[in-house]
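**Q** Everything below, folded, please.
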Amino acid sequence: HHQHHHHQAARTTKSTVSLNLGSFDDYLQTEDQDLAYEDTIIGTSTDTAMEGKFLTMAYNGRLMSNNKQFDEGSISFRLGENKVIQGWERGLVGMKVGGKRTLKIPPRLAYGDRGAGDVIPPNAHLAFDVELKGIANGAVEEKAAELTSMSPVKQLGVVFVIVSVIYDVLHFVLHII
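**A** Numbers count the residues shown, from 1 in each chain. Next up is the predicted model:
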């Protein structure tokens, strides 16, 4: 028993984030299942996702019940402001730029018993493949990240308005990525 306890303690201290994580392979679509994730590619960058960082993520989301994809795209947001579901808020922490991770998210850390529109039914367990494309440093990069992850139509409208102001900076920022 003592040995087992020691093992638990060692595992907790090794982890940089104290997430109450379930096992990825043993994930069950039950009410008390916790968030689980698996890193498919570890990013090589030193830039790490944590609260307060402005992230750009590429993703696709599937319903675990039937493996049907309900969404894919890219999104930029600051971690820790609850702009995204809790499964993301908790599940993206510790990712490095260039890294890919698969998240399995229970409904209480996603859309709960309300679901979302016609796309996500109530009490849905979700799987997301996510890739951390970048972490912005400073306001200009954040603006650029926000613009580049918008839908193209909206993007054109916004870019057109502020193109003269930000063009040089944006060009520079995008050029060095």
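**Q** Run through the strands of the chain in chain order.
**A** 36-41, 54-63, 69-78, 100-105, 126-136 (DSSP state E).
**Q** how about a markdown table for those, with mean pLDDT added?
**A** As requested, those are arranged in a markdown table below (pLDDT from 0 to 100):
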| stretch | mean pLDDT |
| --- | --- |
| strand 36-41 | 95 |
| strand 54-63 | 95 |
| strand 69-78 | 92 |
| strand 100-105 | 96 |
| strand 126-136 | 95 |
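**Q** Take those strands and lay them out in CSV including mean neighbour count and distance to Ala144.
**A** For glycine as for every other residue, the C-beta is placed from the backbone atoms N, C-alpha and C. Listed next are these as CSV, based on neighbours: other C-beta atoms under 10 Å; distance: least, C-beta to C-beta, whole Å:
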stretch, mean neighbour count, distance to Ala144
strand 36-41, 16, 24
strand 54-63, 20, 10
strand 69-78, 16, 9
strand 100-105, 22, 22
strand 126-136, 21, 7
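**Q** Make a markdown table out of those strands and add distance to Leu21.
**A** What follows is the strands of the chain, written out as a markdown table (distance: least, C-beta to C-beta, whole Å):
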| stretch | distance to Leu21 |
| --- | --- |
| strand 36-41 | 6 |
| strand 54-63 | 19 |
| strand 69-78 | 22 |
| strand 100-105 | 10 |
| strand 126-136 | 15 |
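**Q** what about those strands, which gets the closest to Gly117?
**A** Closest to Gly117 of these is strand 69-78 (C-beta to C-beta; 9.4 Å).
**Q** partner strands of the closest one, parallel or antiparallel?
**A** strand 54-63 (antiparallel) (DSSP bridges).
**Q** quick one: the helices in the chain?
**A** Using DSSP state H, the helices found in the chain span residues 2-14, 86-91, 139-148, 152-176.
**Q** Least confident of those, on average?
**A** Set side by side, the helices of the chain give their lowest mean pLDDT on helix 2-14, at a mean of 41.
**Q** that older thread, how about the strands of the chain, which one is nearest Gln29?
**A** Closest among the strands of the chain, using C-beta to C-beta: strand 100-105, at 9.1 Å.
**Q** coming back round to it: of the strands of the chain, which approaches Gln86 most closely?
**A** strand 100-105 (8.1 Å).
**Q** Show me what the closest one packs onto, helices and strands only.
**A** Helices and strands touching strand 100-105, by 3 or more C-beta pairs under 8 Å, 6 or more residues apart in numbering; DSSP states H and E, are strand 36-41, helix 86-91, strand 126-136.
**Q** again, only this time at 10 Å
**A** Packing contacts for strand 100-105, counted by 3 or more C-beta pairs under 10 Å, 6 or more residues apart in numbering; DSSP states H and E, involve strand 36-41, strand 54-63, helix 86-91, strand 126-136.
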